[in-house]
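Asks: coordinates only, no sequence provided:
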């Protein structure tokens, strides 16, 4: 059964509370069947499996990604199940906040697209209608008035075609974004945008570091945790972590994460992540340092996104206002011409 991200987040949160209160795994599953009636069949079957002795991680395996499954499995063996579930609950809540923060990036651009749409409709429909209601003049029409009339004729003639074209474009974009390779291209592009590139790195790596902390706290080694969690990051970042993983056994995590030659991919990793690897090796306590790095990166990433959105909005608002004023320019020119004739 497939759970949406919000359904899985709710399930982890509820299980965290139930298990933290001392409820047995089988009883917790039965409670979940009541709390999530749409997934009741899954939870009822899970409760039976748990009552028959199947481990909690195996019972939940069908709805978990590899990193989360491995963390729960390790926590069962290390006796840290309530702590790991509480950490997973926090990580999923933070993930939802990060996704919401990243979505704010599109707001200024959506504003610009909306302004262009309003400009086009105003120039193509409103201005010609208003112009026709004005007293006729023998003066030659301005170029803007001519453009407005031509645009009006085009929009009226091809209205159905335009609607179909816009709808088709939107559908194509949605399907294009579903392709992981295309999403990876977007991440690669963002990485080269000033401020936005560092913001996206902070947020994505911050989310990943939370899961590194969860896995290492459950008893998984740093090397194994990298292999289990690296796919939580966009594919564009994978070479950076895998380069660290390839060198850990040979030279240790501190040296493996340190800067190398100018072409080495790991040089792009946030400084706080590099520090987490260093302190994990020197202290022998990985989860504490990855968790600290995660919190700092997420806060820093959110601030950078806010700054980017504020700058983009301050640039786009005057452009949108100019478009609105530009759409009315032919109308004002015609009014001016009419007044000059009266005088």
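Replies: In hand now; what should we look at? Computed from a prediction, not measured in an experiment: that's the story for all the values here.
Asks: roughly how far does the residue minimising distance to the centre of the chain sit from residue 52?
Replies: Nearest to the geometric centre of the chain sits residue 99, at 3.7 Å (Cα atoms, centre = their mean). Here the distance between residue 99 and residue 52 works out to 37 Å (Cβ to Cβ, to the nearest Å). Where C-beta positions appear, they are placed from N, C-alpha and C, glycine not excepted.
Asks: residue 235 now?
Replies: For residue 235, the distance to residue 52 equals 39 Å [Cβ to Cβ].
Asks: more neighbours: which of these two?
Replies: Counting neighbours by other Cβ atoms under 10 Å for residue 235 and for residue 52 shows that residue 235 has the greater number, 15 against 9.
Asks: for that one, what are its contacts?
Replies: Contact partners of residue 235, counting by Cβ atoms under 8 Å, 6 or more residues apart in numbering, are 180-181, 184, 187.
Asks: most neighbours, which of those?
Replies: Neighbour max across the contacts of residue 235 (other Cβ under 10 Å) = residue 187, 17 neighbours.
Asks: what about that residue, which helix or strand?
Replies: For residue 187, the host element (DSSP states H and E) is helix 180-190.
Asks: grab the nearest non-local neighbour of residue 264.
Replies: residue 243 (6.7 Å; Cβ to Cβ, 6 or more residues apart in numbering).
Asks: list the buried residues in the strand or helix carrying the one you found.
Replies: According to DSSP H and E, residue 243 maps onto helix 238-251. Buried residues in helix 238-251, counted by 16 or more other Cβ atoms under 10 Å: 240-241, 243-245, 247-248.
Asks: from the residues you listed, which is closest to residue 17?
Replies: For these, the residue nearest residue 17 by Cβ to Cβ is residue 241; the value is 32.5 Å.
Asks: so the closest one sits against residue 226, correct?
Replies: Yes: at 5.5 Å, residue 241 and residue 226 qualify as touching, with contact defined as Cβ atoms under 8 Å.
Asks: who's in contact with residue 53?
Replies: For residue 53, no contacting residues are found, by Cβ under 8 Å, 6+ apart.
Asks: what is the least confident helix or strand in this protein?
Replies: Least confident helix or strand, the chain: helix 127-133 with a mean of 64, by mean pLDDT, DSSP states H and E.
Asks: now do the phi/psi pair for residue 192.
Replies: Backbone geometry at residue 192, expressed as degrees, to the nearest 10, gives phi -100, psi 0.
Asks: also residue 24?
Replies: Per degrees, to the nearest 10, the backbone of residue 24 is at phi -70, psi 160.
Asks: and for it, the neighbour number?
Replies: By other Cβ under 10 Å, 14 other residues sit near residue 24.
Asks: next one: it from residue 15, what distance?
Replies: Taken as Cβ to Cβ, the span from residue 24 to residue 15 is 12 Å.
Asks: contact partners for residue 282?
Replies: Shown in contact with residue 282 (Cβ under 8 Å, 6+ apart): residue 254.
Asks: which SSE is it in?
Replies: Here residue 282 is covered by helix 271-283, with elements defined by DSSP H and E.
Asks: may I see the buried residues of that helix?
Replies: Going by 16+ other Cβ under 10 Å, helix 271-283 has these buried residues: 272-281.
Asks: please apply the same query to stretch 152-166.
Replies: Under the neighbour-count criterion of 16+ other Cβ under 10 Å, stretch 152-166 has 152, 155 buried.
Asks: how about stretch 295-304?
Replies: 295-298, 300-302, 304.
Asks: quick check: mean pLDDT of stretch 265-282?
Replies: For stretch 265-282, the mean pLDDT works out to 93.
Asks: likewise for stretch 22-40?
Replies: The pLDDT scores in stretch 22-40 average 90.
Asks: tell me the span between the first and last residue of that stretch.
Replies: Stretch 22-40 has its terminal residues 22 Å apart, counting by Cα to Cα, to the nearest Å.
Asks: can you give me how far it is from the chain middle?
Replies: Centroid separation between stretch 22-40 and its chain, computed with Cα atoms, centre = their mean, to the nearest Å, is 30 Å.
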